[in-house]
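need a structure here:
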Amino acid sequence: MDKSNLTPTIQGYKVGGKDQGGNLIVQILSVGNEYCIYEIETEDINNRLKVVIDGFTDVSEKQLIARFDSVKQEYVKAKGMLYRSSNYGMMKNRIAHALSTCFTNDDQTFNGKKLFESLCSEISAEQKRIVTNRVHYLLPVAASIAIAFLSCYLLMQHRLSNTPEWQIASGFLASSLGVGASIFTGIKKLHFEEYPYSSYYSYIGIERLLLGYVVGAVAFIAIKSGLFSPAILEKNYWANLMVFVAAGFSEQFIPSLIKKVDP
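Below is the predicted model:
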């Protein structure tokens, strides 16, 4: 595209400049001779994408406005779904590309509405896939907490709270709670749209749970071997369980333990 053929108004739309409404332009997503699709600086995600039309003639401008009006409802709907997208950058570009296609495609069989409807369906499908993947990731630790808690409850009901079985069950529960705390606090750092198969995230959840159990077992051995300071050993059994919780919370727990070992 020859930038010299842009209308004066479109030429004035540049990153760092302001649009006719006084909004700061942070990105130009798509530009044509008579239109510009851009992003403004605002906290409202639904209002970030903007479009301006400025035709060389009244006829050409009316044609572009008519094309925009024919897909405006679907375009607004797609923008409204952006806040739910985990990949805002990619989706905003796809919306801008779809609208640009509506402006430039002269094929009589082209249907802009169907293009946006398909895009909205893809965004919805992505959201459903992300929720499903998130559930599969959380399910292993949720199940382990439920099973360990039920085991502890049944042992208490049968007055077996001071038996080795109780110690093992409570240790599993404490480690599971630690893993659960770690997973829930760090879940925002994961991208659940990267892999299409939900089973992959189940494997990650199981792997994280097993790692918590392994670190918890190491912590248990450390307690029994006397690596902890006497101050910790003098505490009650619940203090030992707190060690398991901390162990399950972070695999970095063991290195920190080593630093605290008495010489």
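
roughly how far is the longest helix seen in the chain from the heart of the chain?
The helix of greatest length in the chain, counted in residues with DSSP state H as the criterion, is given as helix 112-157. Helix 112-157 has its C-alpha centroid displaced from the chain centroid by 13 Å (CA atoms, centre = their mean, to the nearest Å).

rounded mean pLDDT for that helix, please.
The predicted model assigns helix 112-157 a mean pLDDT of 87.

for stretch 46-53, same thing?
Model confidence over stretch 46-53 averages 90 on the pLDDT scale.

and stretch 222-242, by the same measure?
If you average the pLDDT over stretch 222-242, you get 62.

ok, now stretch 13-23?
Model confidence over stretch 13-23 averages 91 on the pLDDT scale.

one step back: and after the longest helix of the chain, which helix or strand comes next?
Proceeding N to C from helix 112-157, the next assigned helix or strand is helix 164-186, under DSSP states H and E.

what helices and strands are in contact with that following helix?
In terms of contact count using 3 or more CB pairs under 8 Å, 6 or more residues apart in numbering; DSSP states H and E, helix 164-186 is assigned the packing partners helix 112-157, helix 198-225, helix 237-249. For every residue, glycine as well, the C-beta is placed using N, CA and C.

what's the most buried one of these?
For the helices and strands packed on helix 164-186, average neighbour numbers computed from mean count of other CB atoms under 10 Å are highest in helix 237-249, which has a mean of 20.

ok, back up a step: okay, the helices and strands packed on helix 164-186 in TSV with distance to residue 75 next?
Conversion of these to TSV gives the following (distance: least, CB to CB, whole Å):
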stretch	distance to residue 75
helix 112-157	6
helix 198-225	31
helix 237-249	46
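
so for residue 164, which of those helices sits nearest?
Taking CB to CB as the measure, the helices and strands packed on helix 164-186 were each checked against residue 164, and helix 112-157 came out nearest at 10.5 Å.

angle of the closest one against helix 198-225?
30 degrees (axes from the mean of the first three to the mean of the last three CA atoms, to 10 degrees).

could you tell me the angle between helix 112-157 and helix 164-186?
Taking the same axes, to 10 degrees, one finds that helix 112-157 is oriented at 160 degrees with respect to helix 164-186.

now residue 107: how far from residue 122?
Applying CB to CB, to the nearest Å, one obtains 22 Å for the distance of residue 107 from residue 122.

if you could redo that for residue 74, that was the one I meant.
Noted for residue 74: a distance of 13 Å to residue 122, by CB to CB.

returning to what we had before: out of the helices and strands packed on helix 164-186, nearest to residue 31?
When those are compared by CB to CB, helix 112-157 sits nearest residue 31, at 18.5 Å.

quick one: list the elements packing against that closest one.
Secondary structure elements in contact with helix 112-157, counted by 3+ CB pairs under 8 Å, 6+ apart, are helix 58-80, helix 88-104, helix 164-186, helix 198-225.

same list (the ones you listed) but as JSON lines, adding distance to residue 242.
As requested, the helices and strands packed on helix 112-157 are arranged in JSON lines below (distance: least, CB to CB, whole Å):
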{"stretch": "helix 58-80", "distance to residue 242": "46"}
{"stretch": "helix 88-104", "distance to residue 242": "40"}
{"stretch": "helix 164-186", "distance to residue 242": "7"}
{"stretch": "helix 198-225", "distance to residue 242": "10"}
